[in-house]
Every structure is written in C-alpha cells, then in structure tokens.
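J.: quick one, what's the 3D model for this:
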Amino acid sequence: MSKQFSALGVSAPILKALGELSIVEPTEIQQKTIPLLLAEKHDVVGLAKTGTGKTAAFGLPLLQLIDTESPVVQAVILVPTRELGHQIFKNLEDFSKHIPNISIAATCGGIPIKPQIERLTKPTHIVVATPGRLIDLIQRKAVDLKETQFLVLDEADEMVSILKESLDEIVAELPKKHRTLLFSATLPGTIKQLIQNYLNKNVVQISASMETTGNQGIDHQFIVVDPIEKLDVLMHFLNSREGERGIIFCKTKAAVNKLAKNLAINRFSSGALHGSLSQGIRDRIMEQFREGHINILIATDLAARGIDVKEISYVVNYHLPDTYENYVHRSGRTARAGAKGLSLTVLQEEEVIEIPDFERELGIKFTKFEKPSALSIEENNTLLWAKQIFKTKPNHDISADLKTNVKTVFHHLTKDELIEKLLANYVLQNKIDVVEKPVKKFKK
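T.: You can find the predicted model right below:
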C-alpha cells in the first residue's frame, strides 16, 4: 500500500485540497520527491514519464515552503509551452486553495504581455513561465528574481534548445544560493550537460519506473501500411472508434493541416493544433476538445504538451516520432488516471525495423494491429461518403425551379430505390470491387 500524503509530510491545508480533488494515493515520483524537497537542501533531478504526477511531486512541497508573509517571487517554474504552463498554474491553484494569501502567476508566451506585467506589480510568490516570456519580463524589469529560492525546469527534455540559449540570462537574476529542480522523461546527453552546468555537484537523482499510474494501462500496437492506403486505413480505424476521443500526432505543421482537411472533408469531428496558430485559436480548439465538442485532435508534438484530458482512449502516431522521448510523451496522453488506452503507430514496411529499438529503450512491448482488408476499407469509404451526404447542409441558393425539376426526376422512386441507385452510382464512379470477400476484423 502506498504511503498517504500525510505520511510524506504534506501540511493540513494542502491535504484538505487533495481530499476535495479525490487525490489520495501518491504516485512513485511523488513518494520519492516530496519528503526530499521538504527536508533537504539539495538540487534534484526527477526522471519520470508523462502522466506520473510530476506537477504534484514538485508543486506540493513548493506551496508548503512558500513564505506568504514575504511578497516576493520565491519560485519560478519554467515550461516548454503555454498549454503546459496553464495546466500547472491551474493545478497549483487547486492544490493551494486553502493556503491563505498565496499568490501564483502564469506568464507564458503567445498572449499579450501587458496584462502579465500589470499582474506582476502585485505580490507574487510563484511564477509559471515559458523561458522566452520570462526573459522578456526580466529585460523590461517587470519581474524581480533576486530573492527566488527555487528554479523548476519541467519537461526539460522539451526545452533543451531554448534553455541552452536562455538559462544563463535567467540564472544570472537568481541569488547564488538557490535550489534547481529538473524534471524530464529521459536524460539524453544534452540534459546531462545542463545538469553539469547548472545544478550542484551533489545533485540527487530520483527515478520512477514506467509502471506508474497513467502508463501501465497503455496498449502499444503498430500497423504496417503502404503510403497510398495510409489515409484510408486511418479513417477505417477512426470510424471503428466513433464517439471516443483521441489524438493523432504528425511530425510537421503542414502534415497536421493536410490531415485535418481530409478528416473535415469526411465529416470527422476534429481540430488541428500546432505552433503557427494564434493562441486564441489554440485555446478555443483545446476548450472544444476538453468539453467534448470535438472528438479528435490532430497535433504536433510540442503543441500537444500540457494536454491533460482523462478520457482520451487512443493515440495515433501517424508518423513515427523522431525520438524515444517523444513517443513517451505522445503515448502518455492516453491511459491517464488509471484508465486503459491504445497507442497505435502507423508504419511503412521499412520502418518496422525500428520497433525493437523502441521496445528495448523504453521497456515496452508492441503487438501488431491487424490491417483491414481492401473490401473492408472500401465499405468504410462508402459509409463515409454516405455520412458526407447526410451532414451536407442544404444549399438555399439553388433556384426553386431547378429543385422542382430534380424532384420530378426522382418523383417515382421510393426511399429504398433512391438509396440503391445512389450506391450503384457511387460504386460505378469509384470502380469499387463489390465481390464478396472474407472481411478481416479489426483487432480491438
């Protein structure tokens, strides 16, 4: 049985908030990190996968260590994206609702800076920021970090290039004696270099295994397709999961836009998310996804960071991720909060050789997802065509005379006869092979 939060040294006001949030059992990274941050003075490196509760692991001790009587910035949390920053800010607000007078600010890029500058004129204890926006605020002398005791680098593996350029400028603003807490899904060489350069030589490293809440329920599968059939196979899969929510990952913004257009044409309830969209559009799409108004999110890796939606039942890697870390972050979007989920990777034949490397590096096992038969794909495309017709809005610009003449053509047909003729015309136009064949069923 896991230790309860009270046994980890968490204070009563925070325990009350956790109880109201129905958070009772600490995850492994929380069990290892919370007592250490509360009792020791070391720098800390936390190695844990997405969905293992890292925000509470560093957030709960920080909230408890803040001196609310001192109106200065005491902790800075750096994140790769505004979405993740917003998620952490909300989590901290929820955790601290019973701590009197604590003040937390989110100062991330992608939105106007002036309201953030105005916000920082008020007493602030914790700042959640993206590196670029924080440097902008520093240069404008809008934030004072001279008494900051904690620097948290969350999802550091996603910020490597940014941190290499900006960390010197940020650290220069901090007092010499401050604690750095770095959290990452993996420790590639670039992160190890950051640790050597910016963390104390007596740094404590904490690792949490893959078998943690949020990861153990993921079913890792792959499907092998020819390039020409890739979109059709994806649409067959999506139709088989109708009503469920999922995320499809693409490598580039162009690929996201192209796939989003194809899904929209086929009347899938979907939205696109990538870095070139304005922050307002990204926020609106994310809100629609969280609220269930759209079921499918097509996204690039970075744009999807910070998505914490419990009911995501599947993730599709439409393109094989470039790094093992990205696969961890992608697949970690599903099977959250102890639920089950599928991570399906779409491969071309020459990419299958990479699967053993992913298995060995990440300690996971892939199984093969059976590709639907050609007939099954054709039948699915026919159903999508029918849905397109059903969901097409009437064109009120068409003249009444033309409508009357067309109705006259179909006047003597019953509904069933009209459907039969429409289907026959679709088959003729698309040259579909209608000969009965054994239909392979999807592996669920």
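J.: which positions within stretch 72-84 qualify as buried?
T.: Buried positions in stretch 72-84, judged by neighbour count with 16 or more other C-beta atoms under 10 Å: V73, Q74, A75, V76, I77, L78, V79, P80, T81, R82, E83, L84. (Glycine included, C-beta is placed from N, CA and C.)
J.: hmm, the last one is touching D154, no?
T.: The reference is to L84. Yes - between L84 and D154 there is a contact under C-beta atoms under 8 Å: 7.2 Å.
J.: what's around the residue lying closest to E244 once chain neighbours are set aside, how many residues?
T.: Spatial nearest neighbour of E244, excluding adjacent residues (C-beta to C-beta, 6 or more residues apart in numbering): S313 at 4.4 Å. Residues within reach of S313, counting by other C-beta atoms under 10 Å, total 16.
J.: quick check: S313 vs S6, distance?
T.: Per C-beta to C-beta, to the nearest Å, S313 is found 34 Å from S6.
J.: L120 touches T107, doesn't it?
T.: Yes - under the criterion of C-beta under 8 Å, L120 makes contact with T107 at 7.1 Å.
J.: higher neighbour count, these two?
T.: More crowded of L120 and T107, by other C-beta under 10 Å: T107, with 26 against 18.
J.: what's across from that one in the sheet?
T.: Listed beta-bridge partners, T107: A129 (assigned using DSSP bridges).
J.: and if you look at Q205?
T.: Judged by DSSP bridges, the bridge partners of Q205 are V45.
J.: what is the burial count for it?
T.: 13.
J.: tell me where the stretch 1-150 of the chain has strands.
T.: Ranges of strands in the stretch 1-150 of the chain, per DSSP state E, counting those that start in this stretch, are 44-47, 75-78, 104-107, 126-129, 150-153.
J.: show me what counts as buried in the fourth one.
T.: Under the neighbour-count criterion of 16+ other C-beta under 10 Å, strand 126-129 has I126, V127, V128, A129 buried.
J.: thought the second one was touching V76?
T.: When you say that, I think you mean V127. Yes - between V127 and V76 there is a contact under C-beta under 8 Å: 5.1 Å.
J.: so where's this protein uncertain?
T.: 1-3, 50-51, 209-216, 303-306, 308, 336-338, 431-444 (pLDDT under 70).
J.: ok, the buried residues of stretch 72-84 vs I265, which is closest?
T.: Ranked by distance to I265 (C-beta to C-beta), these are led by E83 at 27.3 Å.
J.: pretty sure that closest one is touching V309, no?
T.: No - counting by C-beta under 8 Å, E83 stays clear of V309, with 11.4 Å between them.
J.: picking up where we left off before, secondary structure element holding the residue nearest to E244?
T.: strand 312-317 (DSSP states H and E).
J.: for the lengthiest helix in the chain, buried residues please.
T.: Longest helix in the chain by number of residues, with DSSP state H as the criterion: helix 374-391. The neighbour-count check on helix 374-391 (16+ other C-beta under 10 Å) flags L375, S376, I377, E378, E379, N380, N381, T382, L384, W385 as buried.
J.: any idea how far N380 is from the residue nearest to the third one when sequence neighbours are not counted?
T.: Put plainly, it is I377. Counting by C-beta to C-beta, 6+ apart, I377 lies nearest to D232, which is 5.0 Å off, once chain neighbours are set aside. Noted for D232: a distance of 8 Å to N380, by C-beta to C-beta.
J.: coming back round to it: overlap in contacts, L120 and T107.
T.: Counting by C-beta atoms under 8 Å, 6 or more residues apart in numbering, the contacts common to L120 and T107 are V127, L137, V143.
J.: now, among those, which is nearest to I23?
T.: Of all these, V127 has the smallest distance to I23: 24.1 Å, by C-beta to C-beta.
J.: ok, back up a step: and the strands of the stretch 1-150 of the chain as JSON lines, adding distance to K90?
T.: Shown next, in JSON lines, are the strands of the stretch 1-150 of the chain (distance: least, C-beta to C-beta, whole Å):
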{"stretch": "strand 44-47", "distance to K90": "21"}
{"stretch": "strand 75-78", "distance to K90": "13"}
{"stretch": "strand 104-107", "distance to K90": "9"}
{"stretch": "strand 126-129", "distance to K90": "10"}
{"stretch": "strand 150-153", "distance to K90": "16"}
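J.: so which of those strands comes closest to T345?
T.: strand 44-47 (23.6 Å).
J.: which parts of this protein belong to which domain?
T.: 5-207, 218-371, 375-430 (automatic domain parsing).
J.: span of the last one from start to end?
T.: One end of domain 375-430 sits 13 Å from the other (C-alpha to C-alpha, to the nearest Å).
J.: return the distance of it from the chain's centre.
T.: 39 Å (C-alpha atoms, centre = their mean, to the nearest Å).
J.: what's the longest helix of the chain packed up against?
T.: For helix 374-391, the packing partners by 3 or more C-beta pairs under 8 Å, 6 or more residues apart in numbering; DSSP states H and E come out as helix 230-240, helix 415-430.
J.: any idea which of these is most buried?
T.: For the helices and strands packed on helix 374-391, the largest average neighbour count (mean count of other C-beta atoms under 10 Å) is found in helix 230-240, namely a mean of 19.
J.: got the angle between the helix or strand where D283 lies and strand 312-317?
T.: Using DSSP H and E, D283 sits within helix 279-290. Here helix 279-290 runs at an angle of 130 degrees relative to strand 312-317 (axes from the mean of the first three to the mean of the last three C-alpha atoms, to 10 degrees).
J.: can you show me the helices along the stretch 51-200 of the chain?
T.: Applying DSSP state H, counting those that start in this stretch to the stretch 51-200 of the chain gives helices spanning 54-65, 82-95, 114-119, 131-139, 160-171, 189-198.
J.: out of the ones you listed, which one sits most buried?
T.: Taking mean count of other C-beta under 10 Å, helix 54-65 is the most buried of the helices of the stretch 51-200 of the chain, at a mean of 24.
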